[in-house]
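Participant: Sequence and predicted model, in that order:
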Amino acid sequence: MFSSRVPNDLRPNPLTRLLAARRAAGLEVLDLTESNPTRAGLAYPAEEILAALSNAESLTYDPQPAGLLAAREAVAEYYAARAIPIAPSNLLLTASTSEGYALLFKLLCDPGDEILTPRPSYPLFEHLAALEGVRVTQYPLRYDGAWRIELEALASAVTPRTRAIALVNPNNPTGSFLKREELASLDRLCAAHSLALISDEVFSDYAFFPDPERAETAAGSRESLTFVLSGLSKVAGLPQMKLGWIAVQGPAARREPAFDRLEWIADAYLSASAPVQCAAPDLLRLGIKIRASIAERTTRNARAARQLFSGDSPFRVLHCEGGWYSVIEAPRIRSEEEWTLELLNHGVLVQPGYFFDFEREAYLVVSGLVKPEIFDEGLARIARLA
């Protein structure tokens, strides 16, 4: 009866079942997986946010497939402040980054075509692709004290059915930024095989330190057709506002027909909310302080994790350049599932590495958004279990 694009087995995994049982019993849970900034105890300018949503222009329905011009101009100004020139005419608004992927898969792929995605990385790629009838083939990120794309393996993964290479910059959850040489190689590879490059840059504002070798964005002068994704969820710490965007870059001969077709697809949905689009200029302005608050929290927690798990500790925090997460390598005296279940029995919730397709065990992923007092206590309990 149901489509093969949705899974047959929707039963919760053992960690989810144990979490539900623990919460139902009223037992303590130190949640080190919190990824919702609105629930992380951060200060928000509530009155100003609410005032931004009271714009009288929201009362008029003026559907624009690419999004309202004023909102696209505000997004362009956000990039201009980072010295990244993107014309409003090359921006298309969506309800979320996930929807942005869906639109791009519709644009680029026929059923059975494939997208190359990084491993480890964002756990929703396969689900979003499957819903569009698209296959995912993973290319490896290797760790040798820092994370790098294994470019030879990526190039060998290209087939006649490959339509795009996706990357997350910085990666989720490794926090590794793309390097300039890697971007140049990816650009050449995509151009040579007529592939698109999809760069998810939602965490790009959250670098822990400067690096001249870092490619902060794939936007700019590219040989290949390039799509840059981001949105208010991370840029302004406002996931509930449901506004994302796609910046279409690359040679005009490829960029312009791609944008026209993308706009045609978006016209079938018109999903971006008018009130949020009207509020976008103010929300992006308010996002400057919200980002600073998030960055202070995530930087502090990343430093605390490195300090605790250093020296003679049997745990190791992998090198991280930015983003919202830290990856802890645990002793292989337990499997990842055993680690996460045992930790939850001690009141600490973490994510296992296999959620993100790490190739081997044992890795634990924790969120830097967590309140410092909860973060520190949770890590201390992890350390005591070695």
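Facilitator: Here it is on my side, so go on. Residues are numbered from 1 along each chain as shown.
Participant: Quick one: low-confidence residue ranges for the chain.
Facilitator: Scanning the chain for pLDDT under 70 picks out no residues.
Participant: got the residue ranges for the strands in it?
Facilitator: 30-31, 91-94, 114-119, 135-143, 147-149, 162-168, 196-200, 226-231, 244-249, 316-317, 325-329, 348-349, 351-352, 363-367 (DSSP state E).
Participant: Just send those strands back as a markdown table, with mean neighbour count and distance to Asn301 too.
Facilitator: For glycine as for every other residue, the C-beta is placed from the backbone atoms N, C-alpha and C. Formatted as a markdown table, the strands of the chain follow (neighbours: other C-beta atoms under 10 Å; distance: least, C-beta to C-beta, whole Å):
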| stretch | mean neighbour count | distance to Asn301 |
| --- | --- | --- |
| strand 30-31 | 22 | 13 |
| strand 91-94 | 25 | 30 |
| strand 114-119 | 22 | 24 |
| strand 135-143 | 17 | 21 |
| strand 147-149 | 21 | 19 |
| strand 162-168 | 23 | 20 |
| strand 196-200 | 25 | 22 |
| strand 226-231 | 27 | 23 |
| strand 244-249 | 26 | 26 |
| strand 316-317 | 18 | 11 |
| strand 325-329 | 24 | 7 |
| strand 348-349 | 22 | 15 |
| strand 351-352 | 22 | 15 |
| strand 363-367 | 24 | 8 |
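Participant: mind giving me a markdown table with those strands and columns for distance to Thr298?
Facilitator: Listed next are these as a markdown table, based on distance: least, C-beta to C-beta, whole Å:
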| stretch | distance to Thr298 |
| --- | --- |
| strand 30-31 | 16 |
| strand 91-94 | 25 |
| strand 114-119 | 21 |
| strand 135-143 | 20 |
| strand 147-149 | 17 |
| strand 162-168 | 16 |
| strand 196-200 | 18 |
| strand 226-231 | 17 |
| strand 244-249 | 21 |
| strand 316-317 | 14 |
| strand 325-329 | 8 |
| strand 348-349 | 18 |
| strand 351-352 | 16 |
| strand 363-367 | 8 |
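Participant: I figured Pro140 hits Leu116, correct?
Facilitator: No - contact criterion C-beta atoms under 8 Å: Pro140 and Leu116 do not qualify, at 10.8 Å.
Participant: any common contacting residues for these two?
Facilitator: Leu154 (C-beta atoms under 8 Å, 6 or more residues apart in numbering).
Participant: ok and the longest helix seen in the chain relative to strand 244-249, angle-wise?
Facilitator: Using DSSP state H, we find that the single longest helix of the chain is helix 274-308. Orientation check (axes from the mean of the first three to the mean of the last three C-alpha atoms, to 10 degrees): helix 274-308 against strand 244-249 gives 90 degrees.
Participant: Renumber starting at 315 from here on
Facilitator: OK, 315 is where the count begins now, so the last one is helix 588-622.
Participant: Going by neighbour count, list what's buried in helix 588-622.
Facilitator: Within helix 588-622, the residues that qualify as buried by neighbour count (16 or more other C-beta atoms under 10 Å) are 588, 590-598, 600-601, 604-605, 608-609, 611-613, 615-616, 618-619, 622.
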